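Chemist: here's a sequence, model it:
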Amino acid sequence: MYKYFRWLLQPVTGIVLVLVGLFFGYAFSVWSAPNTFEVKNDNAANILLVTPSQPSLREKIQLGQELLRDSPRLLFEEKEETTYQLNKQGKRVAVKTHTLVRKQIALAILNQTTGQVLERRYWLSETDIKAADLIRRTYLPYFNLPSFTPEVGSEDFIVSVNWWNSFNSDLRVSKVGESRSDYIVIGLKYLMDNKLLAYPEDRSETLNYADIVYVPYSESLHTPELVRAGQDFLDQKVNSALAQLRQRRLYSRAFPNRLVADTLSEQFIKNIFMTEQTDPKLVLGAADGGKKLAERVLVRLGTNSERAFRYTYSKTGALGIGQIMPATYNSVVARYPTATLIEDTDLGRVDIGNSITASILVFDDHIKAVADRVTKQNSTAATRFWQEIVNNAPHLEEIRAAIYNGGPGKYKVLTGTVSVAVKETVDFVAKFKRIRDLSLF
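Modeler: Residues are numbered from 1 along each chain as shown. Presented below is the predicted three-dimensional model:
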């Protein structure tokens, strides 16, 4: 009978084979794309459900940054003023100046429930900003300064300030009419004076101000995922800097016949950066030993990576992840020519990889200066003190921390101790020891 039905079975068999092939092809695509799908076990129905997975917080942050970069430029308003000055000929001439009155800020806001990312814009008064800066510097309680005045179309969100620090401010957003707090700031666009931007490509060619895009720290972003991302980023940068120094066979000036990269630990380098980027008063008063404050730095690195300290200038002139002073940077460029550091003083300190290398060389250069002072003293006691310190790794790290902050002169040769005359250096060493005890790395 088969010969009568063979014509019917052949197409049925073909269809079955096609369906089987489609099934296994689909199954393979799901298995091979774990970032696109996740498999969940529905215990109630006792079946497996395949549903699209949600993007990670880091991926949402990237979407927010792209949204802000693609949006229109920020607006600002200036006030024109006329002052009178004497020229070279002693003649009184009118000089027109422009003072910033208010400026826009754009926020990338994430709805944590739906995953939607949207942009909202607000006006900030320069008077408010200056008042908020003063509050931060003097550790006064915040009372919602600066005030965020919504641009037309942004009235559906209220913005308040937990902590103000220009583009790295901790901001809280809430939807008008909603009691739940489902929204967080995952990025902002901020107006910066061209004079505060180290990279020429960051500056505006036609205006006095330029837009930057940054991910400000907030409690909502303080997650294990972003802390780990910051640790991984810093690990990679420090390891790369040390590997390049070894590859260039750059020898220590402080410890003859040893490579610079072999004279200090990776953990020490990273702990110094955590120390530089945290507030001494807050760390030394923290009940958790400063762990959360140090992790804030890691969150900034995890969310902003190369741009984490690209826009940060200190009033004293220190710059970059290692907060190196201009003269200090220039000195290590000159004394370690084979390190091939970036010659431009500002760019060299802002570039994270180059800045890390420069900090490593500052450690070596300052220890060399102390060793030279010990030798010049020609004292048995001074030599003995110094040798004991060199042979005690934790103690040597504390001396390194002190002279990194205050210069080689902070080491007292005759007593083998650090000068307590400058409170900043004393606090820096205490802060370093606290952060080292956290064992973050």
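
Chemist: contacts, neighbours, all on C-alpha from now
Modeler: Noted.

Chemist: for the closest residue to Leu86 other than its chain neighbours, what are its contacts?
Modeler: Spatial nearest neighbour of Leu86, excluding adjacent residues (CA to CA, 6 or more residues apart in numbering): Arg92 at 4.5 Å. Residues counted as contacts of Arg92 (CA atoms under 8 Å, 6 or more residues apart in numbering) are 84-86.

Chemist: quick one, strands of the stretch 301-441 of the chain?
Modeler: With strands called from DSSP state E, counting those that start in this stretch, the stretch 301-441 of the chain shows them at 411-412, 417-418.

Chemist: low pLDDT regions in this protein?
Modeler: Within the chain, the set of residues satisfying pLDDT under 70 comprises 1-53, 314-315.

Chemist: pick out the residue closest to the middle of it.
Modeler: Geometric centre of the chain, nearest residue: Ala308, 2.9 Å, by CA atoms, centre = their mean.

Chemist: pretty sure that residue contacts Leu301?
Modeler: Yes. Between Ala308 and Leu301 there is a contact under CA atoms under 8 Å: 5.5 Å.

Chemist: domain parsing for this structure?
Modeler: Domain ranges of the chain: 57-220, 224-437, per automatic domain parsing.

Chemist: point out the most buried one among these.
Modeler: When these are scored by mean count of other CA atoms under 10 Å, the highest mean neighbour count falls to domain 224-437 (a mean of 18).

Chemist: before we move on, the earlier item: would you turn the strands of the stretch 301-441 of the chain into JSON lines with distance to Gly317?
Modeler: Below are the strands of the stretch 301-441 of the chain laid out as JSON lines (distance: least, CA to CA, whole Å):
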{"stretch": "strand 411-412", "distance to Gly317": "23"}
{"stretch": "strand 417-418", "distance to Gly317": "24"}
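
Chemist: out of the ones you listed, which is closest to Pro394?
Modeler: Proximity to Pro394 (CA to CA) singles out strand 417-418 among these, at 13.9 Å.

Chemist: can you give the strand pairings for the closest one, parallel or anti for each?
Modeler: Sheet pairing of strand 417-418 (DSSP bridges) gives strand 411-412 (antiparallel).

Chemist: for the strand it pairs with, the distance to its chain's centre please.
Modeler: Centre-to-centre, strand 411-412 and its host chain are 33 Å apart (CA atoms, centre = their mean, to the nearest Å).

Chemist: stretch 184-198 now?
Modeler: In terms of CA atoms, centre = their mean, the centre of stretch 184-198 is found 13 Å from the chain centre.

Chemist: okay, it in CSV with CA atoms only?
Modeler: The C-alpha trace of stretch 184-198 is given here as CSV (Å, rounded to 0.1, in the frame of the first residue of the first chain):
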residue,chain,number,x,y,z
ILE,A,184,16.9,58.7,38.9
VAL,A,185,19.4,61.0,37.1
ILE,A,186,21.8,58.9,35.0
GLY,A,187,23.6,61.8,33.2
LEU,A,188,23.7,65.5,32.7
LYS,A,189,24.8,68.1,30.2
TYR,A,190,26.5,71.0,31.9
LEU,A,191,27.8,74.4,30.6
MET,A,192,31.5,75.0,31.3
ASP,A,193,33.8,78.0,30.8
ASN,A,194,36.3,77.2,28.0
LYS,A,195,39.1,78.2,30.4
LEU,A,196,38.3,75.3,32.6
LEU,A,197,38.6,72.7,29.8
ALA,A,198,42.0,71.2,29.2
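
Chemist: relative to Ser71, how far out is the residue nearest to Leu86?
Modeler: Separation of Arg92 from Ser71 (CA to CA, to the nearest Å) stands at 45 Å.

Chemist: same deal with Glu388?
Modeler: Using CA to CA, one gets 60 Å for the distance from Glu388 to Ser71.

Chemist: again with Leu284
Modeler: According to CA to CA, Leu284 and Ser71 sit 42 Å apart.

Chemist: looking at this, Met192 is in a strand?
Modeler: Yes. Assignment of Met192 by DSSP: H, G, I helix; E, B strand; the rest coil places it within a strand.

Chemist: i'd like the first residue to be 30 from this point on
Modeler: Got it, first residue is 30 now, which makes that one Met221.

Chemist: how about it, what does it touch?
Modeler: Counting by CA under 8 Å, 6+ apart, Met221 has contacts 238-241.

Chemist: reduced to three states, what does Ala239 come out as?
Modeler: strand.

Chemist: ranges for the helices of the stretch 30-179 of the chain?
Modeler: Using DSSP state H, counting those that start in this stretch, the helices assigned to the stretch 30-179 of the chain run over residues 31-60, 86-99, 155-166.

Chemist: what is the end-to-end distance of stretch 96-107?
Modeler: In stretch 96-107, first residue to last residue: 27 Å (CA to CA).
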